[in-house]
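> No sequence on hand, only this structure:
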């Protein structure tokens with residue numbers, strides 16, 4: 001029983017990060033790539049959520065005004081509810097250039113602010129964005145193109161990390177390139193199961209506000225579209241650039257909130273999962289559910305391995321039965337991995353070697369955030385109010401890792 005549990009834990013982690021992408025790539029080869037789409041210029045509302053973003057919002061608005069999209073077909077609407085700094089004042093300074101502001105002093109949360117501002121949105125397509133990310137010029141054209149297909153309810157773009165942020169930035173950039181690969185393969189199969197809330201487009205007529213208690217509103221909105229029979233696609237050429245968090249601790253805190261939201265999404269499976277569509281179910285189960293639980297798989301693999309070393313079975317032989325010498329060897333590899341990950345916390349180098357050495361640390365931090373998120377979800381300590389993570393300022397150009 002202990003051996004079976006060990007292999008289940010190991011298998012879940014391997015399947016999550018390697019098996020699922022490989023299966024996706026093989027299946028995707030049987031399907032043609034989506035597009036090309038005919039030219040289209042629907043009326044778009046770029047809805048920017050900004051809470052205490054006085055350091056970033058001016059650069060974001062300048063970036064938005066320079067997007068390659070007909071100005072008469074683009075409404076830029078900033079929602080700044082609850083901001084106690086100069087964010088509303090800075091946005092108001094762009095009014096003569098056509099930027100609109102929706103502001104209410106009380107802070108009730110991001111989705112409450114968006115719901116209040118939506119009646120002011122005139123676009124057929126709503127593009128949700130944050131204040132700390134910059135779009136490359138072609139973003140809106142890439143996002144709206146797939147909507148010529150009436151079966152498409154949402155389109156998400158690529159999140160990429162700006163250059164120059166050392167080992168943490170390089171690791172984060174690598175993670176998002178991996179995520180981009182997965183989303184591209186899912187899209188070729190008909191539907192993408194992961195979205196980036198800072199670059200997400202939805203048909204205005206299909207928008208369905210998440211319940212007040214929802215933590216990850218972007219995931220909830222996307223899965224509800226899939227549940228209702230619409231497709232969500234990934235547009236890899238629609239690129240949103242942002243800087244990484246100022247420290248690994250800040251990044252871990254940000255991801256812990258996301259993981260708490262993912263556990264919450266699992267609890268909403270009855271309302272979010274497309275039970276009548278086996279392919280979509282498999283994608284959600286693999287991309288969202290099993291990946292969310294992979295931290296538990298890592299913990300289970302370590303402790304079952306440790307118990308198998310401390311309490312070996314006399315008749316155990318071969319790989320699958322995990323006899324004592326093999327169990328000791330695997331445990332040693334696990335200990336070495338975690339030791340390297342802990343040493344990686346001391347890495348401050350921008351060298352190639354330093355970035356490679358930090359990868360185990362990044363992976364450990366990612367899954368440690370998963371455990372923190374589980375604790376917050378179970379104890380209901382994760383608020384729906386967004387806590388602003390400290391990030392490096394995104395004022396440089398669109399270079400990416």
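Yep, that arrived. Every value quoted in this text rests on a predicted model; they were computed, and no experiment measured them.
> so residue 157 makes contact with residue 143?
Yes - between residue 157 and residue 143 there is a contact at 6.0 Å, judged by C-beta atoms under 8 Å. Bear in mind the C-beta positions are built from the backbone N, C-alpha and C, glycine included.
> Identify each buried residue in the top helix by length along the chain, please.
Looking across the chain with DSSP state H, the single longest helix is helix 352-379. For helix 352-379, burial by neighbour count (16 or more other C-beta atoms under 10 Å) applies to 355, 357-370, 372-374, 376-377.
> quick revisit: of residue 157 and residue 143, who's got more company?
It is residue 157, of residue 157 and residue 143, that has more neighbours when counted by other C-beta atoms under 10 Å, with 29 against 26.
> Excluding covalently adjacent residues, which one is nearest to that one?
Nearest residue to residue 157, sequence neighbours excluded (C-beta to C-beta, 6 or more residues apart in numbering): residue 238, at 3.2 Å.
> secondary structure class for that neighbour?
Under DSSP: H, G, I helix; E, B strand; the rest coil, residue 238 falls in the strand class.
> tell me the strands in the stretch 101-250 of the chain, going along the chain?
Remark: strands assigned in the stretch 101-250 of the chain by DSSP state E, counting those that start in this stretch are 125-130, 134-135, 152-161, 200-203, 231-242.
> could these go into JSON lines alongside distance to residue 18 and mean pLDDT?
Formatted as JSON lines, those follow (distance: least, C-beta to C-beta, whole Å; pLDDT from 0 to 100):
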{"stretch": "strand 125-130", "distance to residue 18": "31", "mean pLDDT": "97"}
{"stretch": "strand 134-135", "distance to residue 18": "32", "mean pLDDT": "96"}
{"stretch": "strand 152-161", "distance to residue 18": "21", "mean pLDDT": "96"}
{"stretch": "strand 200-203", "distance to residue 18": "27", "mean pLDDT": "98"}
{"stretch": "strand 231-242", "distance to residue 18": "20", "mean pLDDT": "96"}
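> CSV please, covering these and showing distance to residue 116.
Output for those, formatted as CSV (distance: least, C-beta to C-beta, whole Å):
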stretch, distance to residue 116
strand 125-130, 14
strand 134-135, 24
strand 152-161, 22
strand 200-203, 17
strand 231-242, 24
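> Quick one: closest of the ones you listed to residue 255.
When the strands of the stretch 101-250 of the chain are compared by C-beta to C-beta, strand 152-161 sits nearest residue 255, at 13.2 Å.
> which residues of the stretch 151-300 of the chain fall in helices?
For the stretch 151-300 of the chain, the helices defined by DSSP state H, counting those that start in this stretch cover 166-188, 217-227, 248-267, 269-272, 278-284, 291-292, 294-310.
> Which neighbouring elements make contact with the last one?
When contacts are defined as 3 or more C-beta pairs under 8 Å, 6 or more residues apart in numbering; DSSP states H and E, helix 294-310 sits against helix 2-14, helix 324-343, helix 352-379.
> buried sites along stretch 296-307?
So, applying 16+ other C-beta under 10 Å, buried residues of stretch 296-307: 296, 297, 298, 300, 301, 302, 304, 305.
> need these in JSON lines with pLDDT, can you?
Below are the buried residues of stretch 296-307 laid out as JSON lines (pLDDT from 0 to 100):
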{"residue": "296", "pLDDT": "96"}
{"residue": "297", "pLDDT": "96"}
{"residue": "298", "pLDDT": "97"}
{"residue": "300", "pLDDT": "97"}
{"residue": "301", "pLDDT": "96"}
{"residue": "302", "pLDDT": "96"}
{"residue": "304", "pLDDT": "95"}
{"residue": "305", "pLDDT": "94"}
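> now, among those, which is nearest to residue 186?
The closest of the buried residues of stretch 296-307, once distances to residue 186 are taken by C-beta to C-beta, is residue 297, at 21.6 Å.
> what separates the nearest residue to that closest one once chain neighbours are set aside from residue 291, distance-wise?
Once flanking residues are discounted, residue 297 sits nearest to residue 12: 4.1 Å by C-beta to C-beta, 6+ apart. Distance of residue 12 to residue 291, computed by C-beta to C-beta, to the nearest Å: 9 Å.
> which of the two has more neighbours?
Using other C-beta under 10 Å as the criterion, residue 12 and residue 291 rank with residue 291 on top: 23 against 20.
> Distance-wise, check the nearest residue to the more buried one once chain neighbours are set aside relative to residue 293.
The shortest distance from residue 291 to any non-neighbouring residue, by C-beta to C-beta, 6+ apart, is to residue 16 (4.9 Å). Separation of residue 16 from residue 293 (C-beta to C-beta): 8 Å.
> Can you verify my assumption that residue 272 contacts residue 223?
Yes - here residue 272 reaches residue 223: they are 4.2 Å apart, a contact under C-beta under 8 Å.
> Overlap of the contact sets of those two?
Shared contacts of residue 272 and residue 223 (C-beta atoms under 8 Å, 6 or more residues apart in numbering): residue 265.
> can you list the helices of the stretch 151-300 of the chain in CSV and add distance to residue 109?
Shown next, in CSV, are those (distance: least, C-beta to C-beta, whole Å):
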stretch, distance to residue 109
helix 166-188, 26
helix 217-227, 9
helix 248-267, 13
helix 269-272, 20
helix 278-284, 25
helix 291-292, 23
helix 294-310, 27
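> Can you tell me which of those is nearest to residue 111?
helix 217-227 (5.0 Å).
> okay, the angle between that closest one and helix 248-267?
For helix 217-227 against helix 248-267, the angle by axes from the mean of the first three to the mean of the last three C-alpha atoms, to 10 degrees is 30 degrees.
> Stretch 135-148: end-to-end distance?
One end of stretch 135-148 to the other measures 22 Å (C-alpha to C-alpha, to the nearest Å).
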